[in-house]
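**Q** I'd like to go over a predicted model; first the sequence, then the structure.
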Amino acid sequence: MFYLIQRRFTNLYCEQARRLSITMCHAGEGRHPVISLCKDLDSRRSLPSNALVGGGNDNLFFESKGRFIIMKDEHKTKKVLIEELNSLRMRVAELEQSEAAWKETHGDISERMGHYFTLVDQPDDAIFVIFDRKFEFINQRFEDLFSVTADEVCNSDYNPLTLIAPESRDFVIEQIKRGSRGTFSSKQFEFAAITKDSRKIECESTVIFIPYKWGVAIHGILRNVTVRKRIDEELRRERSDLQLVLNSIPTSIYYTDRNHRFIQINEAFSKSLGLPMEAILEKTIAELFPNLPTHQVIHYEKENNYVISTNHSKRGIIEMYPSSRGHRWIQTDKMSYRGDDGSVIGVISLSVDINEFRETEEKLWYLSFHDVLTGLYNRAYFEEEMVRHVLGRLFPISIVVVTLDNLILVNKSDGIEAGNELLKRIARLMKVFRSEDIVARIGGNKFAAILPLSDETIGEQSITRLKNAFTAQSKDHQDPQPVLSFGIATGAKGCHLADILREAEESTG
């Protein structure tokens, strides 16, 4: 009887063979590897690689070049040895099943990685994938950072080490070797890189080693930390020299300790707070501005504590910061501040004043929903509110419409300015409505108000207040006097407020 034992499991059997005093041999082309019992262990070493081993009765023998050499086992019977061989065969089957399962998982992961590459083309960080010693994928941020294109670097002729500074290449190679020894392992390190146009940049890299296709791919994320590295290098110098550097930077830079006290700042930050540098140092933001709301102080300290406890940077924090000139909107990046022994002792913050941007943004929002001439809401906002109220529970809802009937006549006789003045007077009259009512200028000469939880009686009362206010106002103004008409309509739950508005406009005649 002959048994086929796969070559890749030779090491597993050798240990068992030593204990049993058996020899494992591999057959040549078309022959079967077999096992021979050997009494003399030294004789095993001379067995040819194509030796064939057989068994008969209570002896086992091997064949070599047509000669049969019989050896007896003085320790175990052939039956026992065959049973142990069967056990080994079962172990082989188990290992084959494990290998098949691994290959299936490996293929699934490789397929998922292929789908994933298409999803990472727009992040802020540079992303790359290296496989088989070449770039498999780079995103747009990577192209911008190194001044290269995907077509240029994603081919077998391009060596990824080209983008690594000579002084960092050995270090990076060693990091990759260490990381690739484990499955799904990750490494984080910093190194110097070189762009296509020979600029040197400092990079912070996080790489993950994952199964891909027929091997292991390196999936990496790069960040340009050149500015941060420059700051870290300056921290190693004398404080006076560092202060000169910080003061030359127009961006606000400030260092705080674990107790949130300012321990070093630059002139830009001092100017942004409107306080002298000596008044800021060794103080907390709460001590500098005692009237600062508690929730704002808590938010500020929470962001700092996160950076200190996790040693992770936080970027793009938009917050309102106090100053002697009032509150200012700033965007801040925070990173850990390390002492000489490498421990985190505080936070470094870089802030950019975005107050003008926020003010412009707020103005644009205001203009998009307000009438420039009267300051009331415009028709766009009024229609949004009608949609919102239809879905609410504030029925019945009344809509009041006020029309300035002689606007065109005044424009022709007295000029546009006189007509605009009449519109402003009507806008001031609309203040008689409640604070919860939505008042807007919905047309050239039309004004309207949404009155939640108001039946027709409440709407009529609002029109009466308007007329009384108009009469009182007219006594204090000379000609031209406005000519007004009023309309009202009320809707119940389930109605369309656009129809109610149309009904109110038609009733103004």
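**A** Sure, I can see it. Residues are numbered from 1 along each chain as shown.

**Q** which of the residues in stretch 157-167 are buried?
**A** Neighbour-count burial for stretch 157-167, counted by 16 or more other CB atoms under 10 Å, picks out 160, 163, 164, 165. Just so you know, the C-beta spots here come from the backbone N, C-alpha and C atoms, and that holds for glycine as well.

**Q** Next, count neighbours for residue 290.
**A** Neighbour count of residue 290, defined by other CB atoms under 10 Å: 6.

**Q** distance of it from residue 505?
**A** 55 Å (CB to CB, to the nearest Å).

**Q** Need the three-state assignment for residue 79.
**A** Using DSSP: H, G, I helix; E, B strand; the rest coil, the secondary structure recorded for residue 79 is helix.

**Q** Residue 260 now?
**A** Going by three-state DSSP: residue 260 is coil.

**Q** what's the burial count for the closest residue to it other than its chain neighbours?
**A** Closest residue in space to residue 260, ignoring its immediate chain neighbours: residue 284 at 5.0 Å, by CB to CB, 6 or more residues apart in numbering. Neighbours of residue 284 under the rule other CB under 10 Å: 16.

**Q** Thought residue 263 was touching residue 284, still the case?
**A** No. At 11.1 Å, residue 284 does not count as touching residue 263 under the criterion of CB atoms under 8 Å.

**Q** rewinding a little: turn the buried residues of stretch 157-167 into JSON lines, including distance to residue 468.
**A** Output for the buried residues of stretch 157-167, formatted as JSON lines (distance: CB to CB, whole Å):
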{"residue": "160", "distance to residue 468": "82"}
{"residue": "163", "distance to residue 468": "79"}
{"residue": "164", "distance to residue 468": "82"}
{"residue": "165", "distance to residue 468": "82"}
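
**Q** from these, which is closest to residue 362?
**A** Minimum distance to residue 362 across the buried residues of stretch 157-167 is 43.4 Å, recorded for residue 163 (CB to CB).

**Q** For stretch 486-496, measure first residue to last.
**A** 21 Å (CA to CA, to the nearest Å).

**Q** Report the buried residues of it.
**A** So, applying 16+ other CB under 10 Å, buried residues of stretch 486-496: 486, 487, 488, 489, 490, 491, 495.

**Q** In contact with the third one, which residues are there?
**A** Applying CB atoms under 8 Å, 6 or more residues apart in numbering to residue 488 gives the contacts 398, 399, 400, 401, 456, 459, 460, 463, 504, 507.

**Q** Give the buried subset of these as a ChimeraX selection command.
**A** Applying 16+ other CB under 10 Å to these leaves a buried subset, and the ChimeraX line that selects it is:
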select :398,399,400,401,459,460,463,504
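
**Q** What pairs with the lengthiest strand in the chain, parallel or antiparallel?
**A** In the chain, taking DSSP state E as the definition, the longest strand is strand 200-212. Strands that pair with strand 200-212, judged by DSSP bridges, come out as strand 186-194 (antiparallel), strand 215-224 (antiparallel).

**Q** Buried residues, that strand. List them.
**A** 201, 202, 203, 204, 205, 207, 208, 209, 210, 211, 212.

**Q** Then stretch 326-334?
**A** Neighbour-count burial for stretch 326-334 [16+ other CB under 10 Å]: 328, 329, 330, 331, 332, 333, 334.

**Q** what does stretch 263-271 give?
**A** Going by 16+ other CB under 10 Å, stretch 263-271 has these buried residues: 264, 265, 266, 267, 268, 269, 270.

**Q** Out of those residues, flag the one nearest to residue 140.
**A** residue 268 (31.9 Å).

**Q** what mean pLDDT does the helix or strand hosting the closest one have?
**A** For residue 268, the element it lies in under DSSP states H and E is helix 267-273. In this model, helix 267-273 has a mean pLDDT of 89.

**Q** Run through the neighbouring helices and strands of it.
**A** On a contact count with 3 or more CB pairs under 8 Å, 6 or more residues apart in numbering; DSSP states H and E, helix 267-273 meets helix 239-247, strand 252-257, helix 277-280, strand 344-353.

**Q** Quick check: mean pLDDT of stretch 452-459?
**A** The model assigns stretch 452-459 a mean pLDDT of 93.

**Q** Which residues does that stretch contact?
**A** 389, 392, 394-400, 436-437, 451, 462, 488, 490.

**Q** rerun that using 7 Å as the cut-off
**A** Contacting residues not belonging to stretch 452-459 are listed as 389, 394, 396, 397, 398, 400, 436, 451, 488, 490 [CB atoms under 7 Å, 6 or more residues apart in numbering].

**Q** Kindly report the domain assignment for this protein.
**A** Using automatic domain parsing, the domains assigned to the chain come out as 7-96, 126-224, 234-358, 370-506.

**Q** ok so, going back, could I get the buried residues of strand 200-212 as CSV with pLDDT?
**A** CSV is the format used below for these (pLDDT from 0 to 100):
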residue, pLDDT
201, 89
202, 89
203, 89
204, 88
205, 87
207, 86
208, 84
209, 84
210, 80
211, 79
212, 78
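
**Q** Tabulate the CA atom coordinates of the longest strand of the chain in PDB.
**A** Taking Å, rounded to 0.1, in the frame of the first residue of the first chain, the C-alpha atoms of strand 200-212 are listed here in PDB:
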ATOM      1  CA  LYS A 200      11.500  68.800  -0.100                       C
ATOM      2  CA  ILE A 201       8.400  68.300   2.100                       C
ATOM      3  CA  GLU A 202       7.900  66.600   5.500                       C
ATOM      4  CA  CYS A 203       5.200  63.900   5.400                       C
ATOM      5  CA  GLU A 204       3.300  62.100   8.100                       C
ATOM      6  CA  SER A 205       2.200  58.700   6.900                       C
ATOM      7  CA  THR A 206      -0.100  56.000   8.100                       C
ATOM      8  CA  VAL A 207       0.200  52.700   6.100                       C
ATOM      9  CA  ILE A 208      -1.900  49.500   6.300                       C
ATOM     10  CA  PHE A 209      -0.700  46.200   5.000                       C
ATOM     11  CA  ILE A 210      -3.600  44.200   3.600                       C
ATOM     12  CA  PRO A 211      -4.100  41.200   1.300                       C
ATOM     13  CA  TYR A 212      -4.700  42.200  -2.300                       C
END
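
**Q** Could you give the separation of it from the chain centroid?
**A** Once both centres are worked out by CA atoms, centre = their mean, to the nearest Å, strand 200-212 turns out to sit 17 Å from its chain's centre.

**Q** Make 38 the starting number, not 1.
**A** With the count now opening at 38, the last piece we talked about shows up as strand 237-249.

**Q** in stretch 501-510, what's buried?
**A** Using 16+ other CB under 10 Å as the test for burial, stretch 501-510 gives 503, 507.

**Q** Low-confidence ranges, the stretch 388-537 of the chain, go.
**A** Nowhere does the stretch 388-537 of the chain drop to pLDDT under 70.

**Q** how about the helices and strands packed on helix 304-310 in JSON lines, adding distance to residue 170?
**A** Shown next, in JSON lines, are the helices and strands packed on helix 304-310 (distance: least, CB to CB, whole Å):
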{"stretch": "helix 276-284", "distance to residue 170": "41"}
{"stretch": "strand 289-294", "distance to residue 170": "41"}
{"stretch": "helix 314-317", "distance to residue 170": "53"}
{"stretch": "strand 381-390", "distance to residue 170": "37"}
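
**Q** Out of those, which is the most enclosed?
**A** strand 289-294 (a mean of 22; mean count of other CB atoms under 10 Å).

**Q** Within its sheet, name the partner strands of the next helix-or-strand element following that strand and how each one runs.
**A** Using DSSP H and E, the helix or strand that follows strand 289-294 in sequence is strand 299-302. In the sheet, strand 299-302 lines up against strand 289-294 (antiparallel) (DSSP bridges).

**Q** what residues are up against residue 229?
**A** 202, 204, 205, 237, 239.
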